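Engineer: This is a predicted model, with the sequence first.
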Amino acid sequence: MTTPTPITVAVDCMGGDHGPRVTLAACRRFLSTHPDAQLLLVGRAEALAEFDDPRAQVVAATEVVEMDDPLEVALRKKKDSSMRVAIELVRDGQAGAAVSAGNTGALMAIARYVLKTMDGIDRPAIAGQMPNFKGGGTTMLDLGANVDCTPEHLLQFAVMGSALVSVLQDKQNPTVGLLNIGEEAIKGNEIIKKSGELLRSAASSGDLNFHGNVEGNDIFKGTVDIVVCDGFVGNVALKASEGLATMISGFLKTEFSRNIFTKIAAVFAYPVLSAFKNRVDHRRYNGAALLGLRGLVFKSHGSADEIAFETALNRAYDASRNQLLDRVRERIAHAAPLLMGAQAERTEAVTSV
């Protein structure tokens, strides 16, 4: 019997709000359920010294990117940070993916500088899952890396998101929706209208499975597998979703303990609300992919507990094992003629003005 090739994940153990206290606990949980996995634990040696597992190796890094560090500091001055060293391990082929709960802006900047973008990709995007009422997750991108986007960028996001879902959810032809203020093709600003035209062309050429325009409530309905938007809108939607989960959690803890009437109501309502809370629990969907880079990097929420950080490790492992990078390259190469044609038309329109 052939022994499977180990999947190696580099972990920035110092990042996030809690650092090694959470990341190391998550690494133990992850290794217990993935016998073919190996971890490279990156951080200050003294903070990681007590981790004892034959499938985990400590890689020393003397610096830490703090959550409030300016990009210039993270990128130019902290060249031996745990975040950067973890990404360099991916670049050098020692790890198939890197995971960090650190500063999002710094992670994207360092990852883009160290790994570079793929051919055919103008801007990397952050893709993560939002819980939906079908019991699964709707993949959404961009979640904050790109505030201003052209139609070509949104097409690239759609193609990369399709590759991600096909790998992590085993859906070979996932549906794509363009976030808009209405389902009709005539709605939205000019960028959205042109994006819709481009996505419909991509659907006609077999580059993706475009459903059409979707609205904000479709994210949570699970109307489509993937929702595409610019990073400003995506980040607002993400924070709103997180706020909803926090509100429900707080409600379950406090409202039903106020008086005898709410306690009686709790007997009937608690099971339903508790089930809903579990369904929208962001720990189940933690781990956003930085797509469009020449290496796999996953961003965990900064406040993640060990369960949430383990979820991010699982997603990085699955992406590496199922060769997500190759899938993205294949889909981008297939869509290249359409992308190049659209960019040429835009350039011609600008120069003719």
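Structural biologist: Ah, there it is.
Engineer: Give me the pLDDT value at the residue nearest to Leu179 when sequence neighbours are not counted.
Structural biologist: Excluding the flanking residues, the one nearest Leu179 by C-beta to C-beta, 6 or more residues apart in numbering is Cys229, at 3.9 Å. In this view, the C-beta of every residue, glycine as well, is placed from N, C-alpha and C. With respect to pLDDT, Cys229 scores 96.
Engineer: Then Arg315?
Structural biologist: Note on Arg315: pLDDT of 96.
Engineer: Any idea how far whichever strand or helix holds it is from the middle of the chain?
Structural biologist: Using DSSP states H and E, Arg315 sits in helix 306-321. Its chain's average C-alpha position is 11 Å from that of helix 306-321, according to C-alpha atoms, centre = their mean, to the nearest Å.
Engineer: buried sites along that helix?
Structural biologist: Using 16 or more other C-beta atoms under 10 Å as the burial criterion, the residues of helix 306-321 that qualify are 306, 308-321.
Engineer: ok, now stretch 164-184?
Structural biologist: Here stretch 164-184 shows Leu164, Val165, Ser166, Val167, Leu168, Pro174, Thr175, Val176, Gly177, Leu178, Leu179, Asn180 as buried, counting by 16+ other C-beta under 10 Å.
Engineer: pretty sure the fifth one is in contact with Asn322, am I right?
Structural biologist: Yes. Here Leu168 reaches Asn322: they are 7.5 Å apart, a contact under C-beta atoms under 8 Å.
Engineer: State the distance from the nearest residue to Arg84 once chain neighbours are set aside to Ser81.
Structural biologist: Of all residues not flanking Arg84 in the chain, Ile110 sits nearest, at 5.2 Å (C-beta to C-beta, 6+ apart). As defined by C-beta to C-beta, to the nearest Å, Ile110 lies at a distance of 8 Å from Ser81.
Engineer: Overlap in contacts, these two.
Structural biologist: The contact sets of Ile110 and Ser81 overlap at Val65, Ala74 (C-beta atoms under 8 Å, 6 or more residues apart in numbering).
Engineer: In terms of packing, which of these two has more residues around it?
Structural biologist: Ser81 (29 against 26; other C-beta atoms under 10 Å).
Engineer: what ranges of the stretch 101-250 of the chain fall below the confidence cut-off?
Structural biologist: 243-250 (pLDDT under 70).
Engineer: can you rerun that using 80?
Structural biologist: Along the stretch 101-250 of the chain, segments meeting pLDDT under 80 span 241-250.
Engineer: and if you look at the stretch 251-353 of the chain?
Structural biologist: 251-283, 339-353.
Engineer: Run through the helices of it in chain order.
Structural biologist: Counting by DSSP state H, counting those that start in this stretch, the segments of the stretch 251-353 of the chain that form helices are 260-279, 306-321, 324-351.
Engineer: likewise the chain?
Structural biologist: 20-33, 45-48, 71-72, 82-91, 104-115, 151-168, 190-204, 216-221, 231-254, 260-279, 306-321, 324-351 (DSSP state H).
Engineer: Now distance to Gly144 too, for those, in a markdown table please.
Structural biologist: Shown next, in a markdown table, are those (distance: least, C-beta to C-beta, whole Å):
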| stretch | distance to Gly144 |
| --- | --- |
| helix 20-33 | 22 |
| helix 45-48 | 29 |
| helix 71-72 | 14 |
| helix 82-91 | 17 |
| helix 104-115 | 7 |
| helix 151-168 | 12 |
| helix 190-204 | 18 |
| helix 216-221 | 15 |
| helix 231-254 | 4 |
| helix 260-279 | 24 |
| helix 306-321 | 16 |
| helix 324-351 | 20 |
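Engineer: for the ones you listed, which one sits closest to Lys134?
Structural biologist: With C-beta to C-beta as the measure, helix 216-221 is the member of these nearest Lys134 (7.8 Å).
Engineer: other SSEs contacting the closest one?
Structural biologist: Contacts defined by 3 or more C-beta pairs under 8 Å, 6 or more residues apart in numbering; DSSP states H and E place helix 216-221 against strand 125-131, strand 137-141, strand 175-179, helix 231-254.
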